[in-house]
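1. fold the following and give me the result.
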Amino acid sequence: LTATAGLAGKFALGTVIAMYTGLGIAAWGDFTKTWVKADKGEAHLVTSGPFAILRHPNYTGEILLWTANVLAAFATGGLLDSWQRGGLFGASLTGLLGIVFVLMQAATGLEKKQMERYGSSEKYQKWIKHTWAGPVFPRKDASPSAAPPEGTATETPAPEAK
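-> Coordinates of the predicted model:
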């Protein structure tokens, strides 16, 4: 990186720092969760350490890591200089999108499980108001706008007894 001059070199250095930051966040999240659950039990809601800011630091950290990784490859390798390198960048970008999709699916699923498990807890409600879930897919709430039209049956009637 020291041989790369100017803005491109600074960008490359920034992406490498972002990669290691993402790795650190993910590892800190995994360590904290393992330590707290070993101490307080598997059912305990972890809200300390990185969980005081991010609800899913391991997934958020990994998304940062992989995104910065692809950007670092772009910045340091000049992947768009030729068709072949452009193809490599395209393949890297496709892989990144797949990884991000899987991690967002996992974080979204965990959001749902935590809501089901801890949703009635005041501690949980306070925690979700003051933390970021990270990249997740939008929730599918049962809001009034999503209710079935009036007069539409929402349950199958029980069969009559004979």
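
2. tell me the pLDDT of F137.
-> What the model reports as pLDDT for F137 is 94.

3. so what's it up against?
-> With contacts taken as C-beta atoms under 8 Å, 6 or more residues apart in numbering, F137 has the following neighbours: M104, Q105, T108. For the C-beta atoms, the positions are set from N, CA and C on the backbone; glycine is no exception.

4. most neighbours out of those residues, which is it?
-> Counting neighbours by other C-beta atoms under 10 Å, T108 leads these with 20 neighbours.

5. coming back round to it: from the contacts of F137, which ones fall inside helices?
-> Within those, residues falling in helices by DSSP state H are M104, Q105, T108.

6. distance-wise, check the second one relative to H56.
-> As for Q105, its distance to H56 is 12 Å (criterion: C-beta to C-beta, to the nearest Å).

7. how many residues are close by the residue lying closest to I53 once chain neighbours are set aside?
-> With sequence-adjacent residues excluded and distances taken as C-beta to C-beta, 6 or more residues apart in numbering, I53 is closest to T131, at 6.1 Å. Other residues near T131 come to 17 when the count uses other C-beta under 10 Å.

8. pLDDT score assigned to T131?
-> 97.

9. A161 now?
-> pLDDT at A161 comes out at 49.

10. show me where the protein has its helices.
-> Secondary structure of the chain (DSSP H): helices at 6-40, 57-77, 83-118, 122-129.
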